[in-house]
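Asks: quick one, what's the 3D model for this:
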Amino acid sequence: MTTAQQRLQESPMLRAALEKQVAGGLLARMGLSSLAVTGLGSHPARSTADQLENVSSMDDLEAIVQRVGRPPLLIKNNQVVLGAGQDDSLDDFPPGTDARIRGTEKTIPSVGRVEFANFRLAWGGTGWVIAAEGADRIVVTNRHVAALVARRTADGQGIFMRDPSQIRYGASLDFNEEFGSLASEATPFAVVDVPYLADTTSPDVAFLRITGKNLPSPLALADSDAAVGDLVALVGYPAYDDRNDASDMARYFRDLYDVKRYAPGKILQALAPGVALRYDCTSLGGNSGSPLIRLVDGKVVGLHYSGIYGRFNSAVGVRTLRDLLDGRRPISITAADAGTAEARRDGIHNPTDLAGRAGYDPHFLGTGDLAAPWPVISSTLAADLATPSDELPSQPSEIRYTHFGVKFSRSRSQPAMTAVNIDGQHHVAIKRGDDRWFQDGRIPLTIQLRKEDYAHPDIDRGHLVRREDPNWDDTPPAGGPGEEANGLARRANDDTFHYTNAAVQHGDFNSSSQLWLGLENYILTSIKTHGFKACVFTGPVMREDDQQIAPGVIAPREFWKLVVMEASGTRALHATAYVISQGEMIRELLERRARTEAVEGFVLGAYRTFQIAIADLAESTGHDFSRYVPFDPLGAVAAQEEAAHVEPRYLPLDAVHQIVL
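Replies: Now for the predicted structure:
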């Protein structure tokens, strides 16, 4: 925690005064009213000394660094306006700087203002064209700019969020917005998707894709880092910002903000391991995402993201930008998975690659009374299941992997049901790797989705069999105790990264699924802690009116989970069922039981996790769970055939301790 943060935390009066001061300037202009909204009151800590390319502290502001001699020059018709006034003097720069500025004016048309649709702010920062991708262009800006209207998904992409009335936000890039320009001269290009949105622990970068005619050209990236003393310039859109001295702003900007400017300066500190790139160009709020251009060659050496008034501004270095552009993108992972991961291209495994997979074992808990067979899939879905080329008569329709199996819907191109064996006593911690997903050549590739099918902003890709669940090996490691097992556990881990195991999840589901994830963690942690064995079945609730979000891509609105293990101290099973839903399943059960009064005013709200009686789950999904109904503590009293005559049994869960076991 910085000294400024300590003072702010310890003094409510100081916080109130600061909040009032800030609200009068930048926040007021942007429609905000609280330090908490802008993230100035708290921040995530940087995790290592090398991660300096983040905006994380309340001291990290776009800033006026040098009070004189660093003019933010106006731009007119894509040319820098030189010599317009005394405060625009270049006397603090070497002779010939004006000519070098003229030599870099070719970069100006490729720098635009990041504008928003359906959001409370009209615009949020600066962006510039970094690459061409076919007929489209890739624009780079800061994460903290894009994150105003988009959120990060599990694979590092971004999707636009919605406002409280469920209208989706949008964005565009306007490459004009100069001093004196007319509204009719605006040149906006729509942002069609967000290929990359950094995690808060990664460099402050986001990529946006724009489309249209006569798109600006990409800026050239420098082949070498900037050196101390190099002449550089920021091109961007400074906005009025009370976080800087008012007299300094009045002198430099003459009360003219929100238009494109060119701000020359010098490199104060070169980028090095554990050392940030710093410079003294004048900036304000709105410069976030500006290119830092080296005057000697007109190439970009960094992406501006923050600064401290009177001291320095900071940028993400060009090497980081090159790495991200080349696809070397860090993926956010949990602490338990700590390690480096990169998003990679999809692959294909042929039948030989996957030979020898045993699949789900229904006798994993034991034989006889402890047998845990697959639930019988509804007749409608059963007729739609894919048949793997290595199908076994004893395991019909099962696509077999290590410690788990999948029954796959041909028409939905996603799992109809999965089953996994979990061995808590022999669980092996496998660090997350490169997150490379594969298609499975044992069923037609044409009925499987690919990475491109998950590009739509309304859907996410997620494991139906969780990556950690099948990661166990009851064979001692070859090197003896203490060494990581590299056999079955590692193979099971890798097997989960098949599109046959990928669930199509609506974005709203993932953003509201904290308790579902908590439930899954609770199940696995309990199994590992007590050395249990368990069998877990999972699947989507497939409805005829599920939304087709993209051609051939249908997002279920609900998912269910059935957990089966041996009851403590007995030779009998114990089974519980859960569903994540906006309430459709519960409402329909009430309606079917003639409880009309119970659904009056029933509201389909945000996604919630429910524990549900297995008999009721069977009725809702059409699957046959009769093997497990007698072992359900929530609803075992009624036999499945009598379910229509009893109340539906369900329990909304707000915490895992509420589960009825």
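Asks: just the element for Gln548, please.
Replies: Assigned by DSSP states H and E, Gln548 falls within strand 547-550.
Asks: okay, now the unreliable bits of the stretch 1-150 of the chain?
Replies: 1-65, 67, 84-87 (pLDDT under 70).
Asks: now do stretch 95-108: everything it contacts.
Replies: 73, 75, 78-80, 82, 90, 219, 231, 233, 235, 260, 262, 264, 291, 293, 295-296, 298, 300 (C-beta atoms under 8 Å, 6 or more residues apart in numbering). The way it works is simple: take the backbone N, C-alpha and C, and place the C-beta from them, glycine included.
Asks: do you know how far Val428 is from Thr475?
Replies: Distance, Val428 to Thr475, by C-beta to C-beta, to the nearest Å: 11 Å.
Asks: and these two? Which one has more around it.
Replies: Per other C-beta atoms under 10 Å, whichever of Val428 and Thr475 has more neighbours is Val428, with 19 against 10.
Asks: where's the closest residue to the more buried one other than its chain neighbours, which helix or strand?
Replies: Distance criterion C-beta to C-beta, 6 or more residues apart in numbering; nearest residue to Val428, sequence neighbours excluded, is Ala489 at 3.7 Å. Element membership for Ala489 (DSSP H and E) is helix 488-495.
Asks: what does that helix contact?
Replies: 354, 357, 401-404, 427-428, 430, 433, 467-468, 470-473, 475, 501.
Asks: what's the first helix or strand after that helix?
Replies: strand 502-506.
Asks: excluding covalently adjacent residues, which one is nearest to Leu215?
Replies: Arg137 (4.7 Å).
Asks: partners of the host helix or strand of that neighbour, with directions?
Replies: Element membership of Arg137 [criterion: DSSP H and E] is strand 136-141. Applying DSSP bridges to the sheet, strand 136-141 is found paired with strand 123-133 (antiparallel), strand 206-210 (antiparallel).
Asks: now the ones you listed in JSON lines, with distance to Glu544 and mean neighbour count?
Replies: Formatted as JSON lines, the strands paired with strand 136-141 follow (distance: least, C-beta to C-beta, whole Å; neighbours: other C-beta atoms under 10 Å):
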{"stretch": "strand 123-133", "distance to Glu544": "37", "mean neighbour count": "24"}
{"stretch": "strand 206-210", "distance to Glu544": "34", "mean neighbour count": "25"}
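Asks: nearest to Asp255, out of those?
Replies: Checking the strands paired with strand 136-141 against Asp255 by C-beta to C-beta gives strand 123-133 as the closest, at 18.6 Å.
Asks: how far off centre is that closest one?
Replies: With C-alpha atoms, centre = their mean, to the nearest Å as the basis, strand 123-133 stands 20 Å off its chain's centre.
Asks: coming back round to it: return the subset of the contacts of helix 488-495 lying in helices.
Replies: With DSSP state H as the criterion, helices contain none of the contacts of helix 488-495.
Asks: of these, select the buried ones using a ChimeraX command.
Replies: Entered in ChimeraX, the line below selects the buried ones among these, by 16 or more other C-beta atoms under 10 Å:
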select :354,357,401,402,403,404,427,428,430,433,467,468,470,471,472,473,501
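Asks: before we move on, the earlier item: paired strands for the helix or strand following the strand holding Gln548, with orientation please.
Replies: Of the helices and strands lying after strand 547-550 in sequence (DSSP H and E), the nearest is strand 553-555. Within its sheet, strand 553-555 is paired with strand 547-550 (antiparallel), according to DSSP bridges.
Asks: what residues of the strand it pairs with count as buried?
Replies: Those would be Ile549, Ala550, for strand 547-550 by 16+ other C-beta under 10 Å.
Asks: can you check stretch 431-449 too?
Replies: Using 16+ other C-beta under 10 Å as the test for burial, stretch 431-449 gives 432-433, 435, 437-443, 447-449.
Asks: cool, stretch 411-431 as well?
Replies: Quick answer for stretch 411-431 (16+ other C-beta under 10 Å): 412-424, 426-428, 430.
Asks: now do stretch 183-199
Replies: For stretch 183-199, by 16+ other C-beta under 10 Å, it's Thr187, Pro188, Phe189, Val191, Val192, Asp193, Val194, Pro195, Tyr196, Leu197, Ala198, Asp199.
Asks: let's see which of the residues you listed end up in helices.
Replies: Among the buried residues of stretch 183-199, no member falls in helices (DSSP H).
Asks: circling back to that earlier point, for the strand holding Arg137, give me every contacting residue.
Replies: Strand 136-141 is contacted by residues 112, 114, 125-132, 173, 189, 191-192, 195, 205-211, 215-216, 218, 288-289, 303, 321, 325 when judged by C-beta under 8 Å, 6+ apart.
Asks: what's the following helix or strand after that strand?
Replies: Next helix or strand after strand 136-141 toward the C-terminus (DSSP H and E): helix 143-146.
Asks: what packs against that following helix?
Replies: Here helix 143-146 touches strand 123-133, strand 188-197, strand 206-210, going by 3 or more C-beta pairs under 8 Å, 6 or more residues apart in numbering; DSSP states H and E.
Asks: reformat those as a markdown table; add distance to Gln611.
Replies: Shown next, in a markdown table, are these (distance: least, C-beta to C-beta, whole Å):
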| stretch | distance to Gln611 |
| --- | --- |
| strand 123-133 | 42 |
| strand 188-197 | 34 |
| strand 206-210 | 39 |
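Asks: relative to Gln157, which of the ones you listed is closest?
Replies: strand 188-197 (6.0 Å).
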